[in-house]
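Chemist: Need a 3D model of the following:
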Amino acid sequence: MNYPKMNYSIYPSSFSHWFFIFITLFIVNINGAKIMKTSIHSYKGFNAKFDRPDTSEDAGDESFNPDVELMTPEMIRRAGYPAEAHTVVTEDGYFLKIHRIPNKTGYPIFLQHGLLSSSADWVILGRGRALPYLLADLGYDVWLGNYRGNTYSLGHTTLSINSQEYWNFSWHELGIHDLPAMLNYVVNYKNQQVIYIGHSMGTTGSFVMAAERLDMHEKIRLLISFAPVAYMTHIKSPIRIFAPYIREIQRIEQYFGLDKFLPRNWIIHLLSKYGCNLTTKEEKVCENIIFTIGGFDAAQFNLSFLPVITNHDPAGASTKCVVHYLQEVNSGKFRQYDFGEVKNMEKYNAISPPDYNISRMSIPVAFFYGINDWLAAVQVN
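Modeler: So this is what the prediction gives:
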C-alpha cells in the first residue's frame, strides 16, 4: 500500500542547524559514555511497570515500518484507528493543527508535545504501546495538539513563515495563545471540560496558561504533567553550559536572523535518515545525542524505533523558545521572557521580567518525572 510521505520545506539559513549539530556532537564526545541508572517514582500509590521494549531484528527496519515517512493522521489510520485533522487560529493569527482519534461519546483528553516535537511523537510506539492508542482503547476522545512553528502548525493570517516576525515567540506565547485556542476549540466542540496531558514544553506552556489565563481554569478537569519543566535550577543536561553566554547567543541570533531552531527541512531530514540509520556506530551516535541532551536510559530506549523517531524529530521550534529556557537556568526563576533592561522597561515597566504567579493555579495537577531526566531535573537529597 502507498502512503502519503512527509513534505520538507526548504528554509533559508542552514548555518544554525549545522552549528547546533557540531556543538552537540562535541558534547557527545565528552559525555556520551556516561550512563546513569534508571529510577521510576510512584505518584500517590500509582505503580508504573514497563515491559522490556521489543528489539526484534525487523522492528526498526524502514521496509517493515511505513511510519518512517507518514504524517500523524496516516500513522493513526495505519494503526487501525480513525483520524481527523482540525485547524485552529490563535488570537494573534497563527494556524495550529490538532489531530484527533475520535470517539463521539468519549471524554475528551488533550495531549501536548514538548520542545522540537509534534503530535507524531505521541503515536510513534504504535498500537498497544503509544499513549493515545491506549487512551482510545479505554474509550477516550483523544486530541493531539501542535504548537506554532512545528511541522504541522506552519502558517499565519498575515505573516510569512520565512519572516522574523513569524518566529518572534517563546513558550510564553504558547501558553497565553496556543493552548487556550486549542483547548477552547475542544471544549466548545465537546461542550465539556477536558483532561490535559503535557510533556516537557507541553507542561511549561500549561503552567504559563494556568498563571496568566485564569479564564481557562474552569475548562480543565485535570492537568497531568510528564517531565514537568518550570524552574530549571537543578538541570543536569550539558545544555546548561550555554546559559552563561545567553546574551552572546541572542546577539548572534539577531545578527544572523537565526530565528528558527531545527525546523523540519531537507537538511535535517537527510542527516537523520542517512546519518542515524546506516550502521551501528551511527546509530549509537544518534542514541548518545538523545541521551546527552535528555538523560541516559538505555533500558527504556527502544533502538528499533530510532528510524521513526529521527524522521519525525526535530519538528522545529523558535530559537526564542530555547533562549527562554536558558534564561530560566541563569535566573533560577519561572518568569517571562527577558528582553534586556531597556526593552524590559518598555514592556514590563521593570528592569527584570515578572515571575509567573503559579500560586493562582486552581487546576488539580499530577506530576510524573524520572530521576535521571537531565532537563526536567529535581534535587535529590
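Chemist: Check what pLDDT Leu138 gets.
Modeler: pLDDT for Leu138: 98.
Chemist: who touches Ile351 in this structure?
Modeler: By Cβ atoms under 8 Å, 6 or more residues apart in numbering, Ile351 lies in contact with 341, 344-345. For glycine as for every other residue, the C-beta is placed from the backbone atoms N, C-alpha and C.
Chemist: quick one: Tyr152 and Glu212, what's the gap?
Modeler: Distance of Tyr152 to Glu212, given as Cβ to Cβ, to the nearest Å: 25 Å.
Chemist: between these two, who's got more neighbours?
Modeler: Remark: of Tyr152 and Glu212, Tyr152 carries more neighbours, 25 against 17, as counted by other Cβ atoms under 10 Å.
Chemist: Can you pull the phi/psi pair for Asp355?
Modeler: Torsion angles at Asp355 (phi, psi; degrees, to the nearest 10) stand at phi -70, psi 150.
Chemist: Tyr185: what secondary structure?
Modeler: Look at Tyr185: counting by DSSP: H, G, I helix; E, B strand; the rest coil, its state is helix.
Chemist: what is the residue nearest to it when sequence neighbours are not counted paired to in the beta sheet?
Modeler: The shortest distance from Tyr185 to any residue other than its chain neighbours is 4.9 Å, reached at Val88 (Cβ to Cβ, 6 or more residues apart in numbering). Per DSSP bridges, the residues bridged to Val88 are Leu96.
Chemist: do the same with Arg100
Modeler: Where Arg100 sits in a bridge, its partners, by DSSP bridges, are Glu84, Trp143.
Chemist: so it touches Tyr140, yeah?
Modeler: No. Using Cβ atoms under 8 Å, Arg100 is not in contact with Tyr140, being 11.0 Å away.
Chemist: Would you mind telling me which of these two has the busier surroundings?
Modeler: Between Arg100 and Tyr140, counting by other Cβ under 10 Å, Arg100 is the more crowded of the two (22 against 17).
Chemist: So Ala210 is in contact with Ser225, correct?
Modeler: No. Applying Cβ under 8 Å, one finds Ala210 not in contact with Ser225, separated by 10.7 Å.
Chemist: what's the span of stretch 83-94 from first residue to last?
Modeler: 23 Å (Cα to Cα, to the nearest Å).
Chemist: buried set for that stretch?
Modeler: Within stretch 83-94, the residues scored as buried using 16 or more other Cβ atoms under 10 Å are 83, 88, 90, 94.
Chemist: Pick the one among those closest to Ala366.
Modeler: Nearest to Ala366 out of the buried residues of stretch 83-94 is Val88 (Cβ to Cβ; 25.8 Å).
Chemist: ok, that closest one - contacts?
Modeler: Per Cβ under 8 Å, 6+ apart, neighbours of Val88: 95-98, 181-182, 185.
Chemist: mind redoing it with 10 Å?
Modeler: 94-98, 145-146, 153, 178, 181-186 (Cβ atoms under 10 Å, 6 or more residues apart in numbering).
Chemist: Most neighbours among those residues, which one?
Modeler: Neighbour counts for those peak at Gly145, which has 31 neighbours (criterion: other Cβ under 10 Å).
Chemist: So, low pLDDT: which residues of the chain?
Modeler: Under the criterion pLDDT under 70, the flagged ranges of the chain are 1-65, 67, 236-246, 248-298, 300-308, 310, 312-313, 373-381.
Chemist: if you set the cut-off to 50 instead, what comes out?
Modeler: 1-63, 255, 266 (pLDDT under 50).
Chemist: Could I get the full set of strands for the stretch 1-150 of the chain?
Modeler: Taking DSSP state E, counting those that start in this stretch, the strands of the stretch 1-150 of the chain run over residues 84-89, 95-101, 108-112, 141-145.
Chemist: will you turn these into CSV that also has distance to Glu69?
Modeler: Converted to CSV, the strands of the stretch 1-150 of the chain look like this (distance: least, Cβ to Cβ, whole Å):
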stretch, distance to Glu69
strand 84-89, 17
strand 95-101, 17
strand 108-112, 22
strand 141-145, 19
